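Peer 1: build me a model from this:
(one chain, ligands or ions: 1)
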Amino acid sequence: MESKVGRNWYKELAVYQIWPRSFCDGNGDGIGDLEGVLSKLDYIKSLNVDAIWFSPLYCSPNADYGYDISDYRNISPDYGDIKIFKKVLDEAHKRGLKVIMDLVLNHTSDEHDWFKKSMESKESPYHDYYFWRKGKGKNPPNNWKSCFEGGAWEYNEKLDEYYLHVFAKKQPDLNMDNPKVRQEVKGIMKYWLDMGVDGFREDVITYISKREGLPNGFPLPVGCGMEHYTNGPHLHEYLSEFKHDVLDNYDCFTVGEAPRMTPEKALKFIEEGPNQDLNLMFHFQHMEADSFMTDWIHMPFSLKKLKKAFTAWQKKLYGRAWNSLYIENHDHPRIIDRFGSLKYRVASGKMLAVMYICQSGTPFIYQGQEIGMTNIKINDLNKYKDVITFNNYKIFKKLGVSDKKFLEITNRATRENARTPMQWSDKPGAGFTTGEPWFYINPNYKQINVEAAEKDPDSLLNFYRRLLKIRKENPIIIYGNYDEHYKNSTSLYVYERNYEGKRLLVVCSFTEKPVNFKAPQGFYLGEGKLLLSNYKDVGITNNGFVTKPYETRVYLFE
Ligand code: GLC
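Peer 2: The predicted structure is shown next:
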C-alpha cells in the first residue's frame, strides 16, 4: 500500500533525549545543568540527530525528578535559569537542532502555588484545579491505587477532604475538566512556544481525563482505577482544544506518552487529518518483550513478542499516522542488558540500533544509549533514589521477598539504571562532574565512555553516527512501507522496506549462535548494496550467510 500521508519535517528528525540531572555538570555541584548541555551541543549535533527533547527542566522539589513541577514558567535553579535556557535554545537552533520540552499536564507538584492555594479553603478558586473529594465514611473516595505510592488519595485534615494522586503523593492530579485549568495549560504552551521551542513531549497525556463520578476500579495492587482515566472520556476533546487554540498557530510538533496504548486506539488521536490531536505517540508494547505490564515483573525475553509489537505498529499506522521509535528512555533499564548481550555489548548495541532505527518513524535516542551504557549493580539498597524503587520495596516486602532478592530484582528492573551520570571520559567523575556526583556512577565508565568511543572508528558511537546519516540519505528508511520475513524465527528479525521502486532488506540476529540466513524470495544479496553491517567479514554463500553473534546487515536494492 502506498502511504497517503505526506512528508513532514518532524518525520525526518532523529531526536536525542536529555535527562538533565545526569547529562553534564557545568558548575561542579554534582548535578547536570544547562551550562553542561551548552558545552555538549556540538557533540549532540555530531551524532546526526536533529532535535533535543529535554526531560523536565522546570522548578521542582524532585519527588519524581522534575516530573513534579512547582513552576511551569521557570527553570530549576539546579539547571540554571531562563537566561541560560534561552542561550541553549539559540545555540541549538544555530546548529539546526530543534528543541522540545517535556510537559507534565496530568499533575503538578504539591508545592505548586495552585495546589497550595487549592488547600487553603473549599472556596478558593484553585480548589477545583484538583480532585478534592469527601471520603466515604472512614475510607477514601474510591479504591484507586497510585502507580507510585500506595492508595491514590491523600487526606487533608483541615479540609476534611482527600486529593487524588495517580502518581506519588507529591504529584496531585490536575482537574482538566475545569476550563480554567485548560486555560492555564494553553498559557504555558504559548509561553514556551513564543520563546521559540519547537514542540512538546506530553507526559502521560492519555491520563488527563478522568471518568465522571470517579467510580471504583478493578481491584489491583498497583494502578487500580486506571481503566477510569486511561484514554478517558474527554481526552480527544481536550487535546484537540490545545491543538486548535494553540499548537496549530505554531510550526511545532507533539509526542504524547501513552501507557497501555494499542495501534488501533492510537489512530483515534494520531491519524492524520482533521481529527488528529498529536503528531506522535510513545507506546510501551515492544518494551514488554521481557516483562509483563512493568519492568518489575520479569519474563524471559521473547523476540517473537518484540517483533509482533513493532510489526503491528508499523503495519497499522502505515499510510495513516506516524510512528515514534525508541528502545531506551529515562523510565527503563538499559537495552543491551535486556534485549542484547553484555558479552557482545558493542555488536548487539549496533544490531539493536539498526533494528529500530531502520523502521518507519521518528527515532529517539536516549543519552548514553549511543555509547552502549549498561545497567548498574549497586549492592546497597540505600543508594537508590527513586520513588518507584521505594514503593516497590514496600510491595515486595509484603509479599515476603527478602532484601537480598529485592536488591537483585532492583538491579535488573529499576529505571535508575538509565539515570546514572553520562560517561564522558575515564577521568574521575566520568567527565560528568568535577564535584561529588548526585548519583552513583557506573564503574565501567573507565572502559565505556565518549572519549574512548570517539577514538575507535568501530565504536557503537560512530556506528550511530553512520546509521543516522544513512537514514537521512535514504528516504526509503524514513518513508518506505514495511513487511516482515522469518516471522516465526526466535532468533532472527528480518524485514524489508519499499519506496519508489527501491527495496531495503534489514537482517538482525538476536543470538550469539550461528543461524543460517537465506535471503527471502526475490532478493539477491549479490545485487544489493550493503549499507551497514556490524562485522567486517560480510561474505555471501548461496544467497545467504551464517550469522555471527548479534550480526546485522542492511542491504539496499536499487
Ligand atoms: C512519565 C514519566 C516518568 C514519570 C511519570 C509521572 O511516565 O516519563 O518519568 O515518573 O510520567 O510523571
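Peer 1: how many other residues sit next to the nearest residue to residue 337 once chain neighbours are set aside?
Peer 2: Closest residue to residue 337 apart from its sequence neighbours, by C-beta to C-beta, 6 or more residues apart in numbering: residue 375 at 4.4 Å. (Each C-beta comes from the backbone N, C-alpha and C, glycine too.) The tally of other residues near residue 375 (other C-beta atoms under 10 Å) stands at 22.
Peer 1: cool, and residue 469?
Peer 2: 13.
Peer 1: before we move on, the earlier item: roughly how far does the residue nearest to residue 337 sit from residue 408?
Peer 2: As defined by C-beta to C-beta, to the nearest Å, residue 375 lies at a distance of 12 Å from residue 408.
Peer 1: could you look up the SS state of the residue in the stretch 301-450 of the chain that the ligand sits nearest to?
Peer 2: Of all residues in the stretch 301-450 of the chain, residue 331 sits closest to the ligand, at 4.8 Å by C-beta to the nearest ligand atom. What DSSP: H, G, I helix; E, B strand; the rest coil gives for residue 331 is coil.
Peer 1: burial of it, as a residue count?
Peer 2: Counted with other C-beta under 10 Å, residue 331 comes out at 18.
Peer 1: go on, residue 113?
Peer 2: Neighbours of residue 113 under the rule other C-beta under 10 Å: 12.
Peer 1: what's the separation between it and residue 173?
Peer 2: 17 Å.
Peer 1: so where do the helices sit in the stretch 301-450 of the chain?
Peer 2: 303-317, 335-338, 345-357, 387-398, 403-413, 450-455 (DSSP state H, counting those that start in this stretch).
Peer 1: please tell me I have it right and residue 403 contacts residue 380.
Peer 2: No. Using C-beta atoms under 8 Å, residue 403 makes no contact with residue 380, being 10.4 Å away.
Peer 1: show me where pLDDT drops low in the protein?
Peer 2: Applying pLDDT under 70 to the chain flags residues 1-4.
Peer 1: mind giving me the domain ranges of it?
Peer 2: Domain ranges of the chain: 380-419, 479-557, per automatic domain parsing.
Peer 1: of all these, which lies closest to residue 253?
Peer 2: For residue 253, the closest of the domains of the chain is domain 479-557, at 16.8 Å, according to C-beta to C-beta.
Peer 1: before we move on, the earlier item: which ones are touching the residue of the stretch 301-450 of the chain closest to the ligand?
Peer 2: Residues in contact with residue 331, defined by C-beta atoms under 8 Å, 6 or more residues apart in numbering, are 415, 418.
Peer 1: list the contacts for residue 389?
Peer 2: Neighbours of residue 389 in contact, by C-beta under 8 Å, 6+ apart: 410, 414, 416.
Peer 1: just the element for the residue of the chain found nearest the ligand, please.
Peer 2: In the chain, no residue comes nearer to the ligand than residue 67, which is 3.4 Å away by C-beta to the nearest ligand atom. Using DSSP states H and E, residue 67 falls within no helix or strand.
Peer 1: I'd like the distance between residue 186 and residue 256.
Peer 2: Noted for residue 186: a distance of 16 Å to residue 256, by C-beta to C-beta.
Peer 1: how about the residues of the stretch 1-150 of the chain near the ligand?
Peer 2: 64, 67, 104 (C-beta under 6 Å from any ligand atom).
Peer 1: isn't the last one right up against residue 70?
Peer 2: No. Using C-beta under 8 Å, residue 104 and residue 70 do not qualify as a contacting pair, with a distance of 11.1 Å.
Peer 1: so for these two, which sits in the more crowded spot?
Peer 2: residue 104 (26 against 21).
Peer 1: for the more buried one, what are its contacts?
Peer 2: Neighbours of residue 104 in contact, by C-beta under 8 Å, 6+ apart: 56, 67-69, 203-204.
Peer 1: helix or strand next in line after the top helix by length along the chain, which one?
Peer 2: Ordering each helix of the chain by length in residues (DSSP state H) puts helix 179-195 first. Using DSSP H and E, the helix or strand that follows helix 179-195 in sequence is strand 199-203.
Peer 1: who are the packing partners of the helix or strand that comes right after that following strand?
Peer 2: On the C-terminal side of strand 199-203, the closest following helix or strand by DSSP H and E is helix 235-245. Secondary structure elements in contact with helix 235-245, counted by 3 or more C-beta pairs under 8 Å, 6 or more residues apart in numbering; DSSP states H and E, are helix 179-195, helix 263-270.
Peer 1: what's the most buried one of these?
Peer 2: Per residue and on average, the most neighbours among these fall to helix 263-270, with a mean of 18 (mean count of other C-beta atoms under 10 Å).
Peer 1: what does that one rub up against?
Peer 2: Contacts of helix 263-270 (C-beta under 8 Å, 6+ apart): 206, 231, 235-236, 239, 256, 258, 275-281, 283, 312-313, 316-317, 320-322.
Peer 1: can you give me the angle that helix makes with helix 235-245?
Peer 2: 30 degrees (axes from the mean of the first three to the mean of the last three C-alpha atoms, to 10 degrees).
Peer 1: partners of the very next helix or strand once past helix 263-270 in the sheet?
Peer 2: Sequence-wise, the next helix or strand downstream of helix 263-270 (DSSP H and E) is strand 280-282. Using DSSP bridges, the strands paired with strand 280-282 are strand 253-257 (parallel).
Peer 1: can you pull the buried residues of the partner strand?
Peer 2: Within strand 253-257, the residues that qualify as buried are 253-257, counting by 16 or more other C-beta atoms under 10 Å.
Peer 1: of those residues, list those near the ligand.
Peer 2: Near the ligand, by the rule C-beta under 6 Å from any ligand atom, you find residue 257 out of the buried residues of strand 253-257.
Peer 1: just flag the most distant two among the buried residues of strand 253-257.
Peer 2: It's 253 and 257 that sit farthest apart of the buried residues of strand 253-257, by C-beta to C-beta, at 14.4 Å.
Peer 1: ok so, going back, and the helices and strands packed on helix 235-245 as a markdown table, adding distance to residue 458?
Peer 2: Below are these laid out as a markdown table (distance: least, C-beta to C-beta, whole Å):
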| stretch | distance to residue 458 |
| --- | --- |
| helix 179-195 | 40 |
| helix 263-270 | 36 |
